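Colleague: no sequence on this one, just coordinates:
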């Protein structure tokens, strides 16, 4: 908790603080304030007028003078933000909910609620506590949201949270138990007023049960109850559960049994132990502390390094934004193959070709496969060079490794030179046909293969040769580019090549852009950024060879600290052009890979990039604008739609940052004016033509994103106005050649969200003829709009509906993993243990295991179909805890059937695989602090704000391994499975400093000396 309780301890300012908070909450409700904006305002208000968490929760959840019927629907959204910010805790929400719950009025009517005949006239009249008339639905929503925050690791952070939440759980269980008793007594309808409330109360109780289950499954809970000081509340909770469970046994027997197990294992066991001899208890406590996880002896299971393991790992690293971090990859290879670089090289080559072959068979297309092809041809040879230059324990002959690996690559998919002309082996795709040949020549370029070896491998004398320019060296390229800007543009054009030189070219481009950003050479940057923004596939390639922060942080620093106009500035349009081109490249990265402000290293609430990316396309009210923003808005409306047109005076007074942040308000006003008839079509058309000029074109990104969002929210009249605006923006009548290329870059960024909005509008108005032309206009842009690792609708539907039947290898009677790994608050298809995405994941694990077992040893084989999008979708739908339960259950089953050697490697790879949707490396990376970007040095020195991330499979596995004793009491075989898998995972993820440092050191050396072609 970030100090609200202590800050609010001064009573002198408490009434004033309460008044300020009441004012904020009232205004937020009346203006339907966006939850994100409420979070910003509340954070500011808490600094000036701090309040304790309990008081904040009560102000949000109590009835008001003008509303005592039901809670405002926005209140749960506001509370969720406050919980995530640690401004309000779970116990405070439960307490406020309890205080004003409608259930009290049904089972304990206050004196004022009683009939006058029953009320004692002599009794003093107490002030009536106003409660909600109907709080059941609000309680159900809030219990559900609280369960989500607990599952995400936000709602419970410490032992204090456990104790305080437990106190409120005791009171809530007593309330629900008493209510159930009252309702059950109304068998003859004597209390008709209760009948209407019974069903609503039961819905509220169902959500409460989900929250209670999530609370019991949190790893901090059992650890807290082991502390002697928690004895009292532990006993109360145990007794309350014992009284509460009978009332829900018929309603939800599955969760009731899990809660009963929690009571027996985590609550009651401690009470029974305390009754034993104190000396015995002390000895047991001592032995528990001495005998840790390391002391658990697990029977050995031989675990193979299968072809499927590295296949899964590389698929995960390349499914979205490329996450081929050299240190992480070298660590994984070194640990997995225990320093045997010869075996590591063979398996790396095989897995790389397998990933590309999988894309071919899944018909993912040339654009999706471009990154995978470049990885095979341009990246893998560089990794092999690093392995060759390391000091291995084993001998390493790259020629033998490459020959052995290519002998196991399917020639039907990756033909030899002569096989490329064999029509009978055509796979229906051609982008991968030359990969075998391109890979061999890239290896020759880096000294890994001889010409004779290539002829033997390809079986023919080929006509392909090495690049005329020879092997590139990054440092030489950087110097050449800094002296000649045209050289950099040429290198950007070469990023699509498949010749082995792309790595050095990509790294040189990144170095040059970083240097230009630090030196604020914006004119040179304009050309490079515009060229790169128009080539989304080249962004993928750059991230294969350089960390994302190495290019994103300099761009963000430059934009955030963009200097003002020169005193003798003659024209302002060039400034807008340069700013817009740099910003367009940054937006191309951000939206293609779904990056957040935290991923970009934003550390200040005043950051322009943070404001634009975090909410630059959200609704803004006119009342929220400052006087200066009002002036700028009026100026742009006059400039675009009045006869005078745009002039230097307007751009001189309005910096480009302010203009971009005004786009939602500007287009909101345009839409309203068009709907109201104040703006005719001809005037609209002439005004929007300005925005397809080069100097303003990038502003269409926040504009179209805003219009796409509003297309979901507006009524029919507003939707028609938005469609009319989009017609003029997406299909302009005239546009220059220079602007046309930039316009396609804009469409690449906005295509996906725009398509979703247009499809939704089309479903609501099937007769509309305006949508199809717009969809056709962005059809080509859709294929390059996003690379996030997210599954599309068709994939999700197939995973959640086609695996409903019980599949081999999964037990219909399998019990949940002891320790509380249970699904809560999940979609029915996702949660069912034998159906939905759980069954799809089981099926995938089985397919990978079967592929390895059925493949001929050292023979030519085709990989089984796999996409890591399924694993990411399962993580999102099920959560890491439930997904781990599914994996462990399947692993246990496969081990019992004699397939454990392969199954452990497959499941281990799934746990170790990088998660592009939950990556901490960007936010945790240090921004270079050189102090050259307009005073950015001092700004960059501030510590980054903490970023909340979801629990990973590895983290959840560690929690379970730490609780192996508890699992062992329930299921000894599962305890062994958990610990064995945990040790395997940690063994593959541990950073061996000496070996990996040696590999990375070799990489730096070859980069500096140019021995192996600019590897660094």
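Modeller: The structure has been received and is ready for your questions. These figures come from a predicted structure and were not determined experimentally.

Colleague: Give me the neighbour count for residue 587.
Modeller: Using other Cβ atoms under 10 Å, residue 587 has 26 other residues around it. In this view, the C-beta of every residue, glycine as well, is placed from N, C-alpha and C.

Colleague: meant to ask about residue 400
Modeller: 14.

Colleague: Need the nearest residue in space to it, chain neighbours excluded.
Modeller: Nearest residue to residue 400 in three dimensions, chain neighbours excluded: residue 342, at 7.6 Å (Cβ to Cβ, 6 or more residues apart in numbering).

Colleague: For the one you found, give its distance to residue 650.
Modeller: Per Cβ to Cβ, to the nearest Å, residue 342 is found 67 Å from residue 650.

Colleague: same deal with residue 587?
Modeller: 23 Å.

Colleague: List the buried residues for the helix or strand harbouring the residue nearest to residue 400?
Modeller: Using DSSP states H and E, residue 342 sits in helix 341-361. Using 16 or more other Cβ atoms under 10 Å as the test for burial, helix 341-361 gives 341-360.

Colleague: From the contact counts, what lies against it?
Modeller: helix 307-318, helix 326-336, helix 365-374, helix 380-389, helix 398-406 (3 or more Cβ pairs under 8 Å, 6 or more residues apart in numbering; DSSP states H and E).

Colleague: Recalculate using a threshold of 7 Å.
Modeller: Packing partners of helix 341-361 (3 or more Cβ pairs under 7 Å, 6 or more residues apart in numbering; DSSP states H and E): helix 307-318, helix 365-374, helix 380-389, helix 398-406.

Colleague: Going by neighbour count, which residues in the shortest one are buried?
Modeller: What that stands for is helix 398-406. Applying 16+ other Cβ under 10 Å to helix 398-406 flags 398-399, 401-402, 404-406 as buried.

Colleague: okay if I get those residues as JSON lines plus pLDDT?
Modeller: JSON lines is the format used below for these (pLDDT from 0 to 100):
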{"residue": "398", "pLDDT": "91"}
{"residue": "399", "pLDDT": "92"}
{"residue": "401", "pLDDT": "92"}
{"residue": "402", "pLDDT": "94"}
{"residue": "404", "pLDDT": "92"}
{"residue": "405", "pLDDT": "92"}
{"residue": "406", "pLDDT": "91"}
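
Colleague: I'd like those laid out as CSV, including distance to residue 958.
Modeller: Below are those laid out as CSV (distance: Cβ to Cβ, whole Å):
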residue, distance to residue 958
398, 37
399, 42
401, 35
402, 38
404, 37
405, 34
406, 39
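
Colleague: And the residues you listed, which is closest to residue 892?
Modeller: residue 405 (33.3 Å; Cβ to Cβ).

Colleague: pLDDT-wise, which helix or strand of this structure ranks last?
Modeller: Of all helical and strand segments in the chain, the minimum by mean pLDDT, DSSP states H and E falls on helix 936-940, at a mean of 34.

Colleague: What average pLDDT does the helix or strand just after it get?
Modeller: Using DSSP H and E, the helix or strand that directly follows helix 936-940 along the chain is helix 953-962. For helix 953-962, the mean pLDDT works out to 93.

Colleague: Show me what helix 953-962 is in contact with.
Modeller: 219, 293, 819, 880-881, 883-884, 911, 967, 978-979, 981-982, 985 (Cβ atoms under 7 Å, 6 or more residues apart in numbering).

Colleague: one more time with 8 Å, if that's ok
Modeller: 219, 293, 817, 819, 821, 875, 880-881, 883-884, 887, 910-912, 967, 978-979, 981-982, 985, 989 (Cβ atoms under 8 Å, 6 or more residues apart in numbering).

Colleague: Just the buried ones out of the residues you listed, please.
Modeller: Taking 16+ other Cβ under 10 Å as the criterion, what is buried in the contacts of helix 953-962 is 219, 817, 819, 821, 875, 880-881, 883-884, 887, 910-912, 967, 978-979, 981-982, 985, 989.

Colleague: Give the burial count for residue 294, as a bare number.
Modeller: 7.

Colleague: shift numbering so it begins at 25
Modeller: Sure, I'll start counting at 25 from here, so that last one is residue 318.

Colleague: gap between it and residue 125?
Modeller: 48 Å.

Colleague: got it, and residue 786?
Modeller: From residue 786 to residue 125 the distance is 44 Å (Cβ to Cβ).

Colleague: With residue 479 instead?
Modeller: Counting by Cβ to Cβ, the gap from residue 479 to residue 125 is 81 Å.

Colleague: Neighbour count: the two, which is higher?
Modeller: Shown here are residue 479 and residue 125; by other Cβ under 10 Å, residue 125 has more neighbours (22 against 14).

Colleague: In contact with that one: list those residues for me.
Modeller: 155-156, 159, 163, 199.

Colleague: Return the residues in contact with the spatially closest residue to residue 758 that is not a sequence neighbour.
Modeller: Leaving aside its chain neighbours, residue 758 sits nearest to residue 713 (7.6 Å; criterion: Cβ to Cβ, 6+ apart). Going by Cβ under 8 Å, 6+ apart, residue 713 touches 756-758.

Colleague: Which one of those residues sits in the busiest neighbourhood?
Modeller: residue 756 (16 neighbours).

Colleague: Settle this for me: it is touching residue 716, isn't it.
Modeller: Yes. Counting by Cβ atoms under 8 Å, residue 716 is a contact partner of residue 756 at 4.9 Å.
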